[in-house]
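Asks: no sequence for this one, just the structure:
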């Protein structure tokens, strides 16, 4: 095989990875047969026989030999082509499309912050300062852009937000609010004070064992009872409160696992240096715990991003729900699959981007000897 690997690297790769044994050969042939059965029909439906042009659902129909209009055999991407502003920005921005630059600008600013945190030109201290400033300032900037009233622009009330814009608002604000709360709960659960530890355990176990849909129901029905009579609580605010409470429990457990994984010698070294609890936690143990917890934290964030579709039960139309509403209209009835594929591709794009960013962050923060040697090489 050494001669084959030098003369024909592709054949060597096929032998090692696909045909290295009789079992692998059989599995490879079965997989190839399955792909042959699935991929060509899928391509025919999605690409070769699909409809991309037109301005209404009639473009996706043709007249058969009996003189009746029937659906074309391929996908009707005209549905997505016409309704994409509604899918991305919601109903209000679709009716006022000249204002769609506001959510786009808010999204671009968020990407700029993420890019600044990822660029190697900034030191760790500068990244912490950027992150802290963004956590405090960016939510207000984003709200001012989306609502518009603070800037003297046409007002888009939160009840009118929808589509991907609402999905990003709910997910990002839920993550931003839940992370510091989760850190506090994780530290509280490891506290030696029984009252503090008991409260943290009760919070984490209760909300971690409760479905998000239940919390959304509670936020929708019961939350107004905790405020003075006549006080109206915005639906988006209710959803963010429920999502924050739910996510904080999972974030706390992920960080607690990281704190437990920090070697005992780190705590003893901090005590030997005379560091108090807060100084040793902030400077030594918590940074190491957060680095260890990155995969678990990001996994919970990705799950939260997908769970935002549950806000339909309190009357909010995020990306998936607004696609369902559009597909139930008389004009586009029967074209749900195209809308769901668009939603799946959008969710995959954001979730996979979060996963890539997480892995890049892990590599940059990896201080092991093997990682340092790999970087030097």
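Replies: Cool, got the structure. Keep in mind it's a predicted model, so treat the numbers as computed, not measured.
Asks: if I've got this straight, residue 231 is in a helix?
Replies: No. Applying DSSP: H, G, I helix; E, B strand; the rest coil, one finds residue 231 to be coil, outside a helix.
Asks: what's the pLDDT at it?
Replies: Residue-level confidence at residue 231 comes out at 70, pLDDT.
Asks: And the strands in the chain, which stretches?
Replies: 61-63, 69-71 (DSSP state E).
Asks: Redo the ones you listed as a markdown table? Include mean neighbour count.
Replies: From N, CA and C alone the C-beta is placed, and that goes for glycine too. Output for these, formatted as a markdown table (neighbours: other Cβ atoms under 10 Å):
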| stretch | mean neighbour count |
| --- | --- |
| strand 61-63 | 13 |
| strand 69-71 | 11 |
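Asks: could you redo those as CSV and give each row distance to residue 139 and mean pLDDT?
Replies: Shown next, in CSV, are these (distance: least, Cβ to Cβ, whole Å; pLDDT from 0 to 100):
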stretch, distance to residue 139, mean pLDDT
strand 61-63, 46, 75
strand 69-71, 45, 74
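Asks: These: which one's closest to residue 338?
Replies: strand 69-71 (11.6 Å; Cβ to Cβ).
Asks: From the contact counts, what lies against that closest one?
Replies: With contacts defined as 3 or more Cβ pairs under 8 Å, 6 or more residues apart in numbering; DSSP states H and E, strand 69-71 has these neighbours: strand 61-63.
Asks: Who are the contact partners of residue 300?
Replies: With contact set as Cβ atoms under 8 Å, 6 or more residues apart in numbering, residue 300 has these partners: 247, 250, 251, 254.
Asks: What is the nearest of the residues you listed to residue 116?
Replies: residue 251 (23.1 Å).
Asks: ok, so what distance separates the closest residue to that closest one other than its chain neighbours from residue 137?
Replies: Leaving aside its sequence neighbours, residue 251 sits nearest to residue 182 (Cβ to Cβ, 6 or more residues apart in numbering; 2.9 Å). Residue 182 sits 21 Å away from residue 137, going by Cβ to Cβ, to the nearest Å.
Asks: and if you look at residue 282?
Replies: 22 Å.
Asks: for this protein, longest helix please?
Replies: Ranked by residue count under DSSP state H, the longest helix found in the chain is helix 336-365.
Asks: Buried residues of that helix, list them for me.
Replies: By 16 or more other Cβ atoms under 10 Å, the buried positions in helix 336-365 come out as 338, 339, 342, 343, 346, 347, 350, 351, 354, 358.
Asks: Likewise for stretch 160-172?
Replies: Result for stretch 160-172 [16+ other Cβ under 10 Å]: buried residues 160-172.
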